[in-house]
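S.K.: Need a 3D model of the following:
(one chain, ligands or ions: 3)
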Amino acid sequence: MIIKNLNVNGKKIVVVTDPDASLADVLRGQLLLTGTKVGCNEGQCGACNVIMNGKLVRSCITKMKRVPDGAAVTTIEGIGTPANLHPLQSAWVLHGGAQCGFCTPGFIVSAKALLDENSNPTREEARDWFNQHKNACRCTGYKQLVDAVMDAAKVLRGEMGIDRLSYQPPEDGRLWGSKYPRPSGVAKVTGTWDFGADRGLQLPADTLQLALVLAKVSHANIISIDTSEAEKMPGVFKIVTHKDVRGSNSVPALINMPSNKANAQDRPILCDRKIFHYDDVVAIVCADTEARAKAAAEKVKIELEELPVYMNAQAAMAEDAMEIHPGTPNVYFVQKIAKGNETGPIFEQADYVVEDEFYHQRHPHMPIEPDVGFAYLNEEGTLVIHSKSCALFMNSAQVCMGIGLEPTKLIMVQNPPGGDFGYAATITSQPLLGVACLATGRPVFLRYDYRQQMTMTGKRPPTSAKLRLAADKNGKLLAMEEDITIGYGPYCDLGDLTTMMGTQYMGAGYHIPNIRGEARTVYTNHAQGCAFRGMGSTAVEFCSEVLMDELAEKIGIDPLELRYKNVYRPGSTTPTGQKPDVYSLPEMLDILRPKYKAALEKAKKESTSEKKLGVGISIGIFGSGLGGVDGAEARIELMPDNGVTVYVTWEYHGQGADMGVLGTAHEALRPLGMPPEKIRLVMNDTSITPQNMGSLASRSQFVTGRAIQVACELLLDAMRKENGTYRTYEEMIKEDIPVTHTGRWANQCDHLDENCQGNALRAHMYGVFMAEVEVDTGIGKTRVLKMTMAADIGKINNKLVVDGQLYGGLAQGVGLALSEDFEDIERHSSMAGAGFPYIKQIPDDMEIIYVETPREDGPFGAGGCGELPLTTPQAAIINAINNACGVRITKLPALPKKVLAGLKATNHHP
Ligand code: MCN
Ligand code: FES
Ligand code: FES
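M.R.: Ligands and ions are numbered 1, 2, ... in the order given. So this is what the prediction gives:
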């Protein structure tokens, strides 16, 4: 142990600590300054930034023995407080700089250090600074963060009044359609918004810390598990194995399709007989400290018989491949599509036919916060699990079956997550926490390290496709043929749905009268598949959007004009034969056309043989809501102060769930003229908030929002007097009128038939993407100069939120196109290794144009938003690369070496 004198945020503090402890752990664990966040814990994300003796440092990699005695340390808590915000914090709130908020304290501390050194930075200097200091954000797309720095700097230089950093409400006080900052903003910018790991530090002293015993092979039979040595290690309370699990010891999959041959029980909670993928969990060590739990986990011996490993679908489909789940074929689900007439004869006679083969990589979500959760038994002996789940009720049912609990004996609560982008719809650590808590009777806490986040949570599954398009002499699409293969990893949960969505969205956006093809789901020994923004659509629309460009090239027509000819118009049908809900694509293309022409002109003018510029277009479509019956409930209660409380399960991702609820309720309650402060939100706790199906499928604003609207209207009806005025709380009580009302809303759609035909969804989101890129022909490196997006998400609830959704999704699209991958388990299991896009990879120039076509079923005309921006930005970038230098990348990501190889093949390499 060493003793250090520190001056933390102006307060003298003496700490006794392990010399090898990190400054981050001391600040958080010993001083409870939890505003400093720990994401990667390896110097790659900047969430842990603090200022030490005037210099910005990443506290996770700053060992205490290297901290000078007497060091002055400034953390986010020393920069401003909720009652006294620093201009940077006000500007962050105003610009919507905090979505999930996990990166926010680290960014603001970093920005403070920048402005201390340079009070008047240019935008590019600010970007250089954040890049150099590895400040990573997965939500925002960075642009708003630079906007905030610029504004705060102006205020600090005295060039702008601080009042300009406060939100100015419109005269009518309306929230709907405004840029009203989200309610959680102030807590996020001050580091007082507690995430799972922060809440974990507030648990009772007898909480057991968990460490996982993981398989370090990808496919094996388990011969034996020996915990005897580990049990004797210091601090160990219990080692939990499959023998301690009371239920089925499996995470039951939500199998939707009757023809799915997979066994819904294919994913063990704690492996007993087999290891199916790298880092499968074999045992849980419960100990008094995390370090001791980890040390003991090292001592658990697993004897294995290694089996052949199938790391991709093609290997698992080989004739001699063994069944990964004995008794179930590796190809366990096939979805056919048949729309219109047989396509064979059409292809034979068509004027133009194009075909190509595509590969869309395994895509890691890379939230800055790794997965985290805890569990305890409450006073009634009910198990309470807090986690990042974004589908609380659905996950709760899965956990109960897996660990053998009556549904009434489990409460699930969502901790505010530091982003998840869809992975948290699939079960992560919840059953492990549940089993450990039940087996020990003690509160338990578990956090994944970043490597575990990468290897253990689901990924967007890799997709290969062969695709053909036929068109007539005028470029009108006649037919499409597709063959899609999805390597979904070893667990089938949501695999059939993802596959069906592949056939549903291939070619979406265009009226293609005749379609034939099939998609298949394949077990592999790589990471499990799961939802990721644009689930099912992103990978296949990439293929059809790139092939549309190839078709344009073959016909000799401009790619935008080819799209314009074929996009949905009245009389068109979607690939599933459905009538589109709105027809905004022609209008969006019309809006983009002049910008596109100008961009092409500019690219032509500014291209040199070393730096070639190009422009690409793509169309992206995704549904809002789930197929079949998609329902939600919300409850509202009039309170004694004549404010209301809205109870709703609208799980956070970082997307702005709080603002979604507030904006919708405020609009619905406008007749009462209620100020936003009087609308309180109680969210995401299955013991208090009503049933819902999860913040998935960009459904919450559209479906849950409508339930909130209905609840508010029921309350208004109850409060309304004959003369049209409204009763107060007191009057309601006096007249014995209920003050609590539950709103319900359900959309009914078809389950698609065996040919993937039917009315899939009530509403879709529509977007057109335009990418402007520069390709360095010497090294093959692509730089995205600008992204432009036209979006129709219906009427907008909150402009700041949806801007943020779209900028953030576009930024993820840049990473998806150019760098992100999770293929090599060693190389790709860190943020930097997996190609996380830092600020300099993302263009500062992003433009968004809205076309607000009201959606019939949405609250006040709103549709969904969250997933649209990650449908096909990667396709626009790939099309732009081809436009720039004639290299057609069909297998993502477009790493410099692939572009360079293409340049060499086409003799464009200087
Ligand atoms: N919204 C709006 N007006 C509209 C539509 C939406 O103001 N016309 C707002 C909503 O109020 C909400 C946000 O936009 O705050 C997204 O709304 P919606 O599309 O209904 O999506 P959900 O709230 O159901 O969120 C889920 C969606 C999905 S499925 C993933 S995955 C996702 C996402 O949104 N993951 C995210 N956005 C994310 N954003 C961040 N920062 N982090 C994630 O992990
Ligand atoms: Fe310290 Fe990521 S850099 S937590
Ligand atoms: Fe930056 Fe979520 S707001 S990671």
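
S.K.: Would you mind naming the helix or strand containing residue 637?
M.R.: strand 629-638 (DSSP states H and E).

S.K.: Can you give the contact residues for that strand?
M.R.: 644-648, 665, 689-693, 699-700, 703-704, 706-708, 710-712, 714-715, 719, 729, 732, 739-749 (Cβ atoms under 8 Å, 6 or more residues apart in numbering). For glycine as for every other residue, the C-beta is placed from the backbone atoms N, C-alpha and C.

S.K.: in that strand, what counts as buried?
M.R.: Under the neighbour-count criterion of 16 or more other Cβ atoms under 10 Å, strand 629-638 has 630-638 buried.

S.K.: just to revisit the earlier point, of the contacts of strand 629-638, which qualify as buried by neighbour count?
M.R.: Neighbour-count burial (16+ other Cβ under 10 Å) applied to these gives 644-648, 665, 689-690, 692-693, 699-700, 703-704, 706-708, 710-712, 714-715, 719, 729, 732, 739, 741, 743, 745, 747, 749.

S.K.: Nearest to ligand 3: which residue in the stretch 651-800 of the chain?
M.R.: Of all residues in the stretch 651-800 of the chain, residue 654 sits closest to ligand 3, at 4.7 Å by Cβ to the nearest ligand atom.

S.K.: Give me the neighbour count for that residue.
M.R.: Neighbourhood size, residue 654 [other Cβ atoms under 10 Å]: 29.

S.K.: Make sure it is indeed in a strand.
M.R.: No. Residue 654 sits outside any strand when classified using DSSP: H, G, I helix; E, B strand; the rest coil, being coil.

S.K.: For the closest residue to it other than its chain neighbours, the count of nearby residues, please.
M.R.: The shortest distance from residue 654 to any non-neighbouring residue, by Cβ to Cβ, 6 or more residues apart in numbering, is to residue 100 (2.6 Å). Neighbour count of residue 100, defined by other Cβ under 10 Å: 29.

S.K.: Let me see the contact set for the residue of the chain found nearest ligand 1.
M.R.: Closest residue of the chain to ligand 1, Cβ to the nearest ligand atom: residue 866 (2.2 Å). Residue 866 is in contact with 533, 653, 655, 698, 805, 809, counting by Cβ under 8 Å, 6+ apart.

S.K.: for residue 288, same thing?
M.R.: The contact partners of residue 288, by Cβ under 8 Å, 6+ apart, come to 208-209, 235, 237.

S.K.: and with 10 Å instead?
M.R.: 205-209, 234-237 (Cβ atoms under 10 Å, 6 or more residues apart in numbering).

S.K.: Same check on residue 30?
M.R.: Residue 30 sits in contact with 13, 15-17, 21, 64, where contact means Cβ under 10 Å, 6+ apart.

S.K.: 7 Å instead?
M.R.: By Cβ atoms under 7 Å, 6 or more residues apart in numbering, the residues touching residue 30 are 15, 17.

S.K.: likewise residue 35?
M.R.: Neighbours of residue 35 in contact, by Cβ under 7 Å, 6+ apart: 75-77, 105, 190-192.

S.K.: Please report how far the residue of the stretch 651-800 of the chain closest to ligand 3 lies from ligand 2.
M.R.: As defined by Cβ to the nearest ligand atom, to the nearest Å, residue 654 lies at a distance of 17 Å from ligand 2.

S.K.: Report the separation between that residue and residue 834.
M.R.: 19 Å (Cβ to Cβ, to the nearest Å).

S.K.: Ok, residue 637 next?
M.R.: With distances taken as Cβ to Cβ, residue 637 is found 45 Å from residue 834.

S.K.: just residue 800 next, same as before
M.R.: 30 Å.

S.K.: Buried residues of the longest helix belonging to the chain, list them for me.
M.R.: Using DSSP state H, we find that the single longest helix of the chain is helix 585-606. For helix 585-606, the buried set under the neighbour-count rule, 16+ other Cβ under 10 Å, comprises 585, 587-589, 591-592, 595-596, 599-600, 603.

S.K.: Next SSE downstream of it?
M.R.: Next helix or strand after helix 585-606 toward the C-terminus (DSSP H and E): strand 611-624.

S.K.: for that following strand, packing partners?
M.R.: Packed against strand 611-624, as judged by 3 or more Cβ pairs under 7 Å, 6 or more residues apart in numbering; DSSP states H and E, are the following elements: helix 538-555, helix 559-566, helix 585-606, strand 763-776, helix 873-885.

S.K.: Could you identify which of those is most buried?
M.R.: Greatest average neighbour count among those goes to helix 873-885 (a mean of 29), per mean count of other Cβ atoms under 10 Å.

S.K.: quick one: average pLDDT of the following helix or strand past that helix?
M.R.: Scanning forward in sequence from helix 873-885 by DSSP H and E, the next helix or strand is helix 896-905. Helix 896-905 shows an average pLDDT of 97 in the prediction.

S.K.: For helix 896-905, buried residues please.
M.R.: Those would be 896, 898-900, 902-903, for helix 896-905 by 16+ other Cβ under 10 Å.

S.K.: want to throw these into CSV with distance to ligand 1?
M.R.: Formatted as CSV, those follow (distance: Cβ to the nearest ligand atom, whole Å):
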residue, distance to ligand 1
896, 29
898, 28
899, 29
900, 34
902, 32
903, 36
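
S.K.: hang on, the earlier thing: go back to the buried residues of strand 629-638 and keep what's next to ligand 2.
M.R.: Within the set of the buried residues of strand 629-638, contact with ligand 2 (Cβ under 6 Å from any ligand atom) is found for no member.

S.K.: Report how many residues lie close to the nearest residue to residue 384 once chain neighbours are set aside.
M.R.: Closest residue to residue 384 apart from its sequence neighbours, by Cβ to Cβ, 6+ apart: residue 411 at 4.5 Å. For residue 411, the count of nearby residues is 19 (other Cβ under 10 Å).

S.K.: With residue 379 instead?
M.R.: 5.

S.K.: Tell me where the model's unsure across the protein.
M.R.: 908-910 (pLDDT under 70).

S.K.: Return the residues of it in contact with ligand 1.
M.R.: Residues of the chain lying near ligand 1 (Cβ under 6 Å from any ligand atom): 99-100, 139, 419-422, 533, 653-657, 659-660, 695-702, 793-798, 801-802, 805, 808, 862-867.
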